[in-house]
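Novice: got a structure for you, letters missing:
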């Protein structure tokens with residue numbers, strides 16, 4: 001979006017939707033009067049210096065309480081910097097922000113204790129909707145105040161990003177089930193119909209983002225591995241064949257697959273596959289009981305579904321059911337900002353939360369067996 005386009009809408013109020021991802025922050029600035037997008041962008045979460053996953057960041061916060069404030073401050077500082085760059089003089093036209101994201105990221109952003117997220121029974125400080133007033137600067141003037149909204153979540157490891165995505169996609173309206181799989185760092189997923197829902201997550205780490213040397217996108221990583229499988233260079237167990245075992249597979253001048261990277265990828269893709277199977281088992285349903293499978297997240301936007309089947313990250317019985325979306329968490333936050341009656345939306349959030357059971361995969365009776373059997377290609 002050009003600066004001239006932004007300047008032409010200077011008289012309009014601006015609202016900002018923010019998806020606080022572990023790896024990437026997604027931002028959408030919208031004109032609330034015209035109900036249109038002014039500009040959208042994303043940037044790397046600066047908190048990555050404290051670890052690539054939520055578990056590592058939680059540990060840093062517990063070991064050194066001042067770190068949590070530092071993480072919150074650095075993210076807000078970077079967000080404001082990016083907003084000022086994108087909106088220029090119209091930065092002061094921001095009227096409100098809506099945050100969506102996983103539970104840990106929103107706890108850190110709000111400077112809430114993450115100690116309860118570190119170990120069983122995994123108790124967040126809160127999962128409820130929250131709103132507050134903040135100021136653009138230290139003046140404290142009423143005219144400088146803007147509103148902040150935080151979308152509610154499900155559990156310690158299934159957050160507001162999934163709830164906002166489920167509502168945005170209009171899931172769970174019929175007797176047949178809808179499944180949302182967020183292919184991100186935390187591997188969150190939810191299965192729901194008009195009577196009940198089940199939610200869980202599995203730690204994938206940054207594998208889908210940087211699983212293969214030289215691959216910029218996770219989709220490139222999956223495509224490279226799928227190509228090698230089809231060419232017979234990687235066997236069913238994930239072993240790179242000779243003479244490539246030692247130095248890895250050179251897919252191009254920039255992209256290389258090593259055995260170590262391949263094993264990490266296997267663990268991540270097996271976790272996704274096993275999570276899906278466990279969700280279906282928990283709901284006591286089969287493939288025919290699922291109507292739609294929604295793939296979200298940055299990886300989901302670029303993913304070639306055929307590659308996902310080849311590497312056995314998703315069951316091939318999902319063919320003709322899959323719908324690929326981008327950042328549904330961000331879209332959900334944007335929908336909240338533009339909704340004519342936010343109270344109605346909050347009621348819908350509660351309906352979804354009240355009929356959804358969250359559970360830990362590690363404690364599920366057959367998870368380890370299913371996970372191990374999902375390793376092969």
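Specialist: Looks like it arrived, so ask away. It should be emphasised that the depicted structure is a prediction, and the values quoted were computed from it without experimental measurement. Numbering: from 1, shown residues only.
Novice: residues contacting the residue nearest to residue 173 when sequence neighbours are not counted?
Specialist: Closest residue to residue 173 apart from its sequence neighbours, by Cβ to Cβ, 6 or more residues apart in numbering: residue 194 at 5.8 Å. The way it works is simple: take the backbone N, C-alpha and C, and place the C-beta from them, glycine included. By Cβ atoms under 8 Å, 6 or more residues apart in numbering, the residues touching residue 194 are 172, 173, 174, 175.
Novice: try 6 Å
Specialist: Residue 194 sits next to 172, 173, 174 when contact means Cβ atoms under 6 Å, 6 or more residues apart in numbering.
Novice: ok, and the most crowded of those?
Specialist: Greatest neighbour count in the contacts of residue 194, by other Cβ atoms under 10 Å, goes to residue 172: 23 neighbours.
Novice: can I assume it sits in a helix?
Specialist: No - per DSSP: H, G, I helix; E, B strand; the rest coil, residue 172 lies outside any helix segment and is coil.
Novice: pLDDT wise, what is it at?
Specialist: According to the prediction, residue 172 has pLDDT 98.
Novice: show me what contacts it?
Specialist: Counting by Cβ under 6 Å, 6+ apart, the residues that residue 172 touches are 178, 192, 193, 194.
Novice: again, only this time at 7 Å
Specialist: Contact analysis of residue 172 by Cβ atoms under 7 Å, 6 or more residues apart in numbering lists 166, 178, 192, 193, 194, 197, 352.
Novice: quick check: nearest residue in space to it, chain neighbours excluded?
Specialist: Among residues not flanking residue 172 along the chain, residue 192 sits closest, at 3.7 Å (Cβ to Cβ, 6+ apart).
Novice: was I right about that neighbour contacting residue 177?
Specialist: Yes - assessed by Cβ atoms under 7 Å, residue 192 is found in contact with residue 177 at 6.5 Å.
Novice: of the two, who's got more company?
Specialist: Using other Cβ under 10 Å as the criterion, residue 192 and residue 177 rank with residue 177 on top: 25 against 22.
Novice: from residue 332, how far out is that one?
Specialist: Going from residue 177 to residue 332 by Cβ to Cβ, to the nearest Å gives 20 Å.
Novice: in the host helix or strand of residue 307, what counts as buried?
Specialist: Residue 307 is part of helix 305-310, with elements assigned from DSSP states H and E. By neighbour count, with 16 or more other Cβ atoms under 10 Å as the criterion, the buried positions of helix 305-310 are 305, 307, 308, 309, 310.
Novice: what's it packed up against?
Specialist: Counting contacts by 3 or more Cβ pairs under 7 Å, 6 or more residues apart in numbering; DSSP states H and E, helix 305-310 packs against helix 218-230.
Novice: residue 293 contacts residue 316, correct?
Specialist: No - using Cβ under 7 Å, residue 293 is not in contact with residue 316; the gap is 11.8 Å.
Novice: between these two, point out the one with more neighbours.
Specialist: Between residue 293 and residue 316, residue 293 has the larger neighbour count (other Cβ under 10 Å), namely 25 against 12.
Novice: and the pLDDT at that one?
Specialist: For residue 293, the model assigns a pLDDT of 98.
Novice: for it, helix, strand, or coil?
Specialist: strand.
Novice: beta partners of it?
Specialist: Note on residue 293: beta-bridge partners residue 179, residue 322, judged by DSSP bridges.
Novice: over to residue 130?
Specialist: Beta-bridge pairing for residue 130 (DSSP bridges): residue 150.
Novice: first residue to last residue on stretch 288-304, what's the distance there?
Specialist: Using Cα to Cα, to the nearest Å, one end of stretch 288-304 lies 23 Å from the other.
Novice: before we move on, what about stretch 30-46?
Specialist: End-to-end span of stretch 30-46 (Cα to Cα): 24 Å.
Novice: now it, how far from the chain's geometric center?
Specialist: In terms of Cα atoms, centre = their mean, to the nearest Å, the centre of stretch 30-46 is found 18 Å from the chain centre.
Novice: still on that earlier bit, which of the buried residues of helix 305-310 sits closest to residue 35?
Specialist: Of all the buried residues of helix 305-310, residue 35 sits closest to residue 305, with 32.0 Å by Cβ to Cβ.
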